[in-house]
Structure formats: structure tokens, C-alpha cells
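Visitor: Fold the following.
(2 chains, ligands or ions: 1)
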Amino acid sequence: MKVLVAVKHTIDHNVKPNIHPDTGLVDIAQVKKAINPFDEISLEEAVRLKERGQVNEIVAVAIGGAEAKDSLRHAYALGVDRALLIETDTPLQPLAVAKLLKAIVTREQPGLIFLGKQAVGEDYGQTGQMLAALLGVGVATFASAIQLKDGQVEVTREVDRGTQTLSLQLPAVVTADLRLNEPRFIKLPNLMMAKKKPIETLVASELNVDLAPRFRVVSASEPQQKPGAIQLANVQELVAKLRQVEVLQ
Amino acid sequence: MSVLVLAEKDGNQLKPSTYQAVTAASAWQLPIDLLVYGDNLDAMAAEARQLAGVRRVLLAQAGHFQHPLVEDVLELVLGIANQYTHVLSAHSVFGKSVIPGIAARLDIAPITDVIEIRTPSTYVRPSYAGNILSTIENLEPVQIITVRATAFRACSRDGEAELVTIDAPAVRGTSKWIGEQLTHSERPELNSARVVIAGGRSLGEEFNNLLDPIAERLDAAIGATRACVDAGFAANELQVGQTGTIIAPELYIAVGISGAMQHLAGIKDSKIIVAINHDPDAPIFKHADYGLVADLFTVLPELNTALQQH
Ligand SMILES: Cc1cc2nc3c(=O)[nH]c(=O)nc-3n(C[C@H](O)[C@H](O)[C@H](O)COP(=O)(O)OP(=O)(O)OC[C@H]3O[C@@H](n4cnc5c(N)ncnc54)[C@H](O)[C@@H]3O)c2cc1C
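Guide: Here you go, the predicted model:
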């Protein structure tokens, strides 16, 4: 079976974004970027399925500028078999991304499609669910465990107050949560080797998909910060203070 | 023009987030219909019609809604969506899972995790793990959004909506419910508790022994950091933060928590934040209202005793 993993090259999750003084919007053009952590988890899961002999090909697909090749090399170093870049200069919104991925699914016919539950950055958290709906296949979001059996995928998902297990017909879309696995450490030789692997490039605007933006980010601001904690000397003072401000009876 | 709000239930009751979603929907000042689905709605219909501001409650009863699946709720909503200009749900696990699919099938971009609605079609939502608030103008002919429930108050219960029964489409069958492992805690739910006390990984094996008695006294929910959960000291569902539950209680007490960006993303909207940490430079103090620089292993038993004294 073939697995498709969608990979986003996005702001490094350790980097704090800045608002550009001229545009008033977040500008990540110059910031350090990396593979979205949830996509790395998806890749790791696909590689584990392959190591168990349940998958024979893993294809990673990224959508973005040429810099997104870095994340595809990361995918190669983790163990994917093929990498595909859908090139676009302008950042795309989730619906357009889902439509592009649909075009790739139609071409590649994977049995299982992995995405992260969200990409760090805009934190929209929409693409996997949209892709499943456009394909008319089942979706399991927030996956924390996966098992392939009898032509189905059994997914344990994180829900309020615990977990839920679903069984989905293939093909299916699964979005990875943090606890699905812990991605392996990439060895330097693997990274070197990944640099030599081919990356097939398609042009987004040639895939017959409506890429036009549907909404506009008009402004950005930083949430109001607290002035910093008032330090109290001991537990008695703390309790007295909390009673005074009436959060404790 | 009218609004469709997707309800969510917990057993035989509507979740608190449904009340908050109805308040959010009232921003448009349009008639609101509330969609309730389940396998047995007799008990819930009476509750649902009391939500203030709701015009009609649409009841879709079917055996397969005992454990609702995304694919089935998607078809249910698509069956009636053409009657609405606005569709709204809480940004709950189920809401997040179903709304983007509904929108995609209508060829509409949804706006998720909205914390403020500026009518008719501008929204504020957090991004970058809560470090940025973006204002978004949605250009779509149909507005489809999820709202962060804690950003809205619950609607009152003095309404008298009309009850309308609607048909549920046939089962899709692309996925199947196998089981659930839910913890039944005596404590209030994290996302609606008035007080939350949370611990970091430094509590270690003492996590429950130290926090339980205090939580009991304060009628608080218990939370944990990811590091604490990953170390196996607390259950997964206690995780608070960007990738756990996002909370906004009246009082949040962070014990032995460093204050990582991803954790802060889940607690920022708490009214009062108290931090207890033995490191005076812990980042959490920059985001707290009150701090106590002390060893948690001595402070927590003292706190328990101090709370007992009134
Ligand atoms: C993609 C991503 C998503 C994430 N999502 C989340 C999330 O949703 N929620 C979350 O919490 N984290 C999340 N994290 C992890 C986060 O970055 C931090 O690693 C985590 O929050 C740290 O947990 P902690 O405060 O328990 O541990 P630490 O950072 O190790 O802090 C321990 C603190 O305890 C204090 N301490 C130690 N001993 C004592 C003592 N005896 N008395 C008093 N104080 C003491 C220390 O001074 C320190 O400040 C995420 C990370 C990533 C990369």
C-alpha cells in the first residue's frame, strides 16, 4: 500500500513571530523555518508502517516556494521513498491547499493519507478535514494510535475526557496529534543522502485548481500582556490576596 | 438570512459550549436555528428549546447518532445548509473535525477558533500559538465559523423555541465507532471549571497526592503540562495548552510550571493566574498576576491547610 504524507515548511515552533511595522501583519519571510512538527510525526508513523511491512511506498508532498525543499529533504532523511513539491510563490489558504492535495491524491491513489492536525503558524487546523470531505472518504482527526488491519485503519483519537477508537475504510485521511509517536533522531549520513535525492516539482497554478484567497487578514496584534506577577511572601499572603480579589470564597 | 448552530451533547444534556456558541451566533442578530442530533432526543428537546435567542430547534434522531461520526453529521448539515447564510459551531474536538469538511463541500472557506465576531464578516482569532491575534475579513457568501467557547458567555435558559423534526440521511459507512475510553472524574471539566490547578513535571509521582486535596477544596479541575503528561505523571486528557485543552477559568494556579509558549497559549485568557515556582526567573511569572517563589513540595501541603482554615 502507498501512503501520502502532506508536509508543510513553516515557522520554526521555537521562534516568536513579529509584526511588520509597515504592513501591520505577521511577516515570516525572513524567520527560521522548519518542518511542521505534526507533519514530522505523520512521516514517522508512515515509516513505522513501512518497517512493519504494511506499507511499500511513502510519498511526501509539500506546497510552497523552493525553500520547502528543506522539509522534503527532512522527509527523505526520515525514510520516505519519493518527494513532490507543488510550487507556488504566494502563500495559499487551507481550501486551496486541500484542493491541490486532492489533485495529488487522484494522481497517486494512496491507501492512506496523513496530515498534521494543524500547522504551527496560522494554526487553522482545517486542511485534513477538507481534503477528506472533498475526496468523500473517512477522516480521523487527532490520532494518537494507528493500526492497519483487514483493509481498514483503526485510529485511536484524543477527544474530551479521553480517547475514542474508530475504524475507517481505506482510503482514509488521518491527522496526527502530538502523542502518535516520537519522531526518530535523524542521523547526519541520512541527511547527506537526502540532499542527493530527486524532488519532483509541479506548478500549483497548472493544476486546474482555484487558488484565489477567500479571506483577508486585515491586521495583527499581540495580545495584552500582564504587567508581571506581584510576588507574595508566603502561602498565608497568597490566600489572603485571593480572598481579597474575590476569586476565593 | 439565518444562522445554523450545531449543538453538541454530553449524555442527555447539551454541553456548556453549545450555550456559548448560541451567544456567539447572536452577534449577527439574525434568526438562529439549533441543530441537535442523537439517538434519543426526548430528554434533550426540552432543554434545547430553552436556549435564549433560538428560533427553532431542529431534531435529527437516528440510531447511528448514538456515537456521531464526522461523515454522517457532514451529510446531515449539507442536507439543510442551503437554508442558511451562517453556520457556527463551538471549536470543540467534534466542531473542529466536522466544520472544515462542511465548508469545503460548499466551496466555502471556514474561519476557525474565533474569539470575537465583528459583524457582519470580520473575526478575531489567535494564531502562532496565541502569540498573535489576527483580524480576518471573510469574503465568502456564506459565513462558516467555529468559536472558542470560553471567549463567550453562556446564553440564558428562558427561551421557548419551536421544535422541528428533520430526517437524518442514511449512514455513510466510511467509518465506524469501535469504542471509547473516557475518564469519569469527580472533578469539573477542564474547559468549563471556575478554578483550575495544574502541575508540571516536577511534581513527579506525587502529582495526585499533592493536587487532589486542594482541587477538592476549591472545586477545581486538575490540569498538567505536556512534559508532565509525557513523563506519565498525569493522564493525557489533563494536558493544558496549545495541543491540549484551552482554558479560561476565573482562577488558574500553575504549580512547578516553567511557562513555555505552548503552555501559555492554553491559559492566557484566565482571569487571575497564580504561579508557584522555586525559580524566580521562571517565565511563568511574567504572565501571572500573583507569584510565590517557593518549593512546591512544602507550599502545596501548606496551601491545603490554609484553605481548610475558613
Ligand atoms: C508542538 C508543541 C506543542 C506543545 N504543546 C504543549 C501543550 O499543549 N501544553 C504544554 O504544557 N506544553 C506543550 N508543549 C511543551 C512545552 O514546550 C514545554 O516543554 C512544557 O510545557 C514544559 O512543561 P513543564 O513546565 O512541566 O516542565 P519544565 O519546562 O521542565 O519546567 C519545570 C518547572 O518546574 C519548576 N520546579 C522544579 N522543581 C520545583 C520545585 N520543587 N518547586 C517549585 N518549582 C519547581 C522549575 O523551576 C521549572 O520552571 C509543546 C511543545 C511543542 C514542541
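Visitor: Stretch A:88-103 and chain B, are they touching?
Guide: Yes: figure legend: stretch A:88-103 in contact with chain B (C-beta under 8 Å from any C-beta of the partner chain); contacting residues A:93, A:94, A:95, A:98. Glycine gets a C-beta too; all of them are placed from N, C-alpha and C.
Visitor: Okay, buried residues for that stretch please.
Guide: Buried residues in stretch A:88-103, counted by 16 or more other C-beta atoms under 10 Å in any protein chain shown: A:88, A:92, A:93, A:94, A:95, A:96, A:97, A:98, A:99, A:100, A:101, A:102.
Visitor: hang on, the fifth one in a strand?
Guide: No: under DSSP: H, G, I helix; E, B strand; the rest coil, residue A:95 falls outside any strand and is assigned helix.
Visitor: quick one: average pLDDT of the host helix or strand of residue B:253?
Guide: Taking DSSP states H and E as the definition, residue B:253 sits inside strand B:251-255. Average pLDDT, strand B:251-255: 98.
Visitor: How about it and chain A, any contact?
Guide: Yes: counting by C-beta under 8 Å from any C-beta, contacts between strand B:251-255 and chain A involve residue B:251.
Visitor: Which strands border that strand, and is each parallel or antiparallel?
Guide: strand B:195-199 (parallel), strand B:272-277 (parallel) (DSSP bridges).
Visitor: For the ligand, find the nearest of these.
Guide: Ranking the strands paired with strand B:251-255 by proximity to the ligand (C-beta to the nearest ligand atom) places strand B:272-277 first, at 4.3 Å.
Visitor: quick revisit: which one of the residues of stretch A:88-103 next to chain B sits closest to residue A:12?
Guide: residue A:94 (20.6 Å; C-beta to C-beta).
Visitor: could you list every residue that touches the closest one?
Guide: By C-beta atoms under 8 Å, 6 or more residues apart in numbering or on different chains, the contact list for residue A:94 reads A:124, A:126, A:127, A:130, B:100, B:109.
Visitor: could you dump those to CSV with secondary structure?
Guide: Shown next, in CSV, are the contacts of residue A:94 (three-state DSSP):
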residue, secondary structure
A:124, coil
A:126, coil
A:127, helix
A:130, helix
B:100, helix
B:109, coil
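Visitor: before we move on, back to that, which SSE is immediately downstream of the strand holding residue B:253?
Guide: Next element after strand B:251-255 (DSSP H and E): helix B:261-264.
Visitor: Let me know whether that following helix sits next to the ligand.
Guide: Yes: interface with the ligand: helix B:261-264 contributes B:262, B:263 (C-beta under 6 Å from any ligand atom).
Visitor: next one: that helix to chain centre, how far?
Guide: Chain-centre distance of helix B:261-264: 17 Å, with C-alpha atoms, centre = their mean, to the nearest Å.
Visitor: Show me what that helix is in contact with.
Guide: A:13, A:16, B:129-131, B:225-226, B:240-243, B:257, B:284, B:287.
Visitor: now with 10 Å?
Guide: Contacts to helix B:261-264, defined as C-beta atoms under 10 Å, 6 or more residues apart in numbering or on different chains, come from residues A:13-16, A:120, A:178, A:223, B:128-131, B:198, B:200, B:223-227, B:239-244, B:254, B:257, B:273, B:283-284, B:286-287.
Visitor: Filter those residues down to the buried ones and express that as a PyMOL selection.
Guide: Of these, the buried ones can be selected in PyMOL as follows, counting by 16+ other C-beta under 10 Å:
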select buried, (chain A and resi 13+15+120+178) or (chain B and resi 128+129+130+131+198+200+223+224+225+226+227+239+240+241+242+243+244+254+257+273+283+284+286+287)
